[in-house]
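K.L.:
what would the 3D arrangement of this be:
(2 chains)
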Amino acid sequence: ELKVEQNPLFLSMQEGKNYTIYCNYSTTSDRLYWYRQDPGKSLESLFVLLSNGAVKQEGRLMASLDTKARLSTLHITAAVHDLSATYFCAVGTSGTYKYIFGTGTRLKVLA
Amino acid sequence: GAVVSQHPSWVICKSGTSVKIECRSLDFQATTMFWYRQFPKQSLMLMATSNEGSKATYEQGVEKDKFLINHASLTLSTLTVTSAHPEDSSFYICSAEPGTGAGYTFGSGTRLTVV
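P.N.:
Predicted coordinates for the structure are as follows:
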């Protein structure tokens, strides 16, 4: 059974600082997604990672995937308040359309 | 871009009544849709996979008779919470994959409160 863990669960950081969120998963997967969720809202797609070594960047966020280590990272560069949200990784189950969400990381960027 | 429309956004109902939630893919066809449930400050839990023209596939521990799913067309899936109770109060979200390579698209979610 595929299990997905994120850490940290909570992250409070100062504006301008850098930090990394980690997503570990337990079995082989062929795709990994990162999403953002604002309070009371649905999910917004950030990145889709489909192969080992994939790296994608959008603004202050950069995501990478290491399929051998079963690890994805979401790196935040020079955080700003607008990045405050909950971030989820979701890992696809090989051979199916299903994907399992990580525990989520609640990020709060302090001014 | 691909849009998944979900209605209603919120609903309050009395215990024992049933509530239907609709999920529509507006500009693409979706043979498969997913229904998730999210409790406050928790992650999303996959409830079931909705398959167009066939029975839904439920995750372990999800009561299929309580959470009825119908996927009657390529653009519409519905989730009916039958005989709702306060413990069914939650945020329900649907999603579908539009085939654009940008990942799954989520509906806006439905906040259900059972009183």
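K.L.:
pairing partners for the worst-scoring helix or strand of chain A on mean pLDDT, with directions?
P.N.:
When each helix and strand of chain A is scored by mean pLDDT, DSSP states H and E, strand A:99-101 comes last, with a mean of 89. Strand A:99-101 has the following sheet partners, assigned by DSSP bridges: strand A:85-92 (antiparallel).
K.L.:
list the contacts of the strand it pairs with.
P.N.:
Outside strand A:85-92, the residues within contact range by CB atoms under 8 Å, 6 or more residues apart in numbering or on different chains are A:2, A:4, A:6, A:21, A:23, A:25, A:29-39, A:43, A:46, A:72, A:74, A:98-102, A:104-107, B:43-44, B:104. From N, CA and C alone the C-beta is placed, and that goes for glycine too.
K.L.:
residues contacting the residue at the greatest distance from the centre of chain A?
P.N.:
Using CA atoms, centre = their mean, the residue of chain A lying farthest from its centre is A:Ala111. It sits 22.6 Å away. Neighbouring residues of A:Ala111 by CB under 8 Å, 6+ apart: A:Glu15, A:His81.
K.L.:
and A:Ala78, by the same measure?
P.N.:
Contacts of A:Ala78 by CB under 8 Å, 6+ apart are A:Glu15, A:Gly16, A:Lys17, A:Asn18, A:Arg60.
K.L.:
can you get me a residue count around the fourth one?
P.N.:
By the other CB atoms under 10 Å in any protein chain shown criterion, the neighbourhood of A:Asn18 contains 11 residues.
K.L.:
now residue 10: closest residue in space that isn't a chain neighbour?
P.N.:
Answering for chain A, as no chain was given. Excluding its sequence neighbours, the residue lying closest to A:Phe10 (CB to CB, 6 or more residues apart in numbering or on different chains) is A:Arg106, at 5.1 Å.
K.L.:
hmm, no, I was thinking of chain B.
P.N.:
Per CB to CB, 6+ apart, closest to B:Trp10 is B:Arg111, 4.3 Å.
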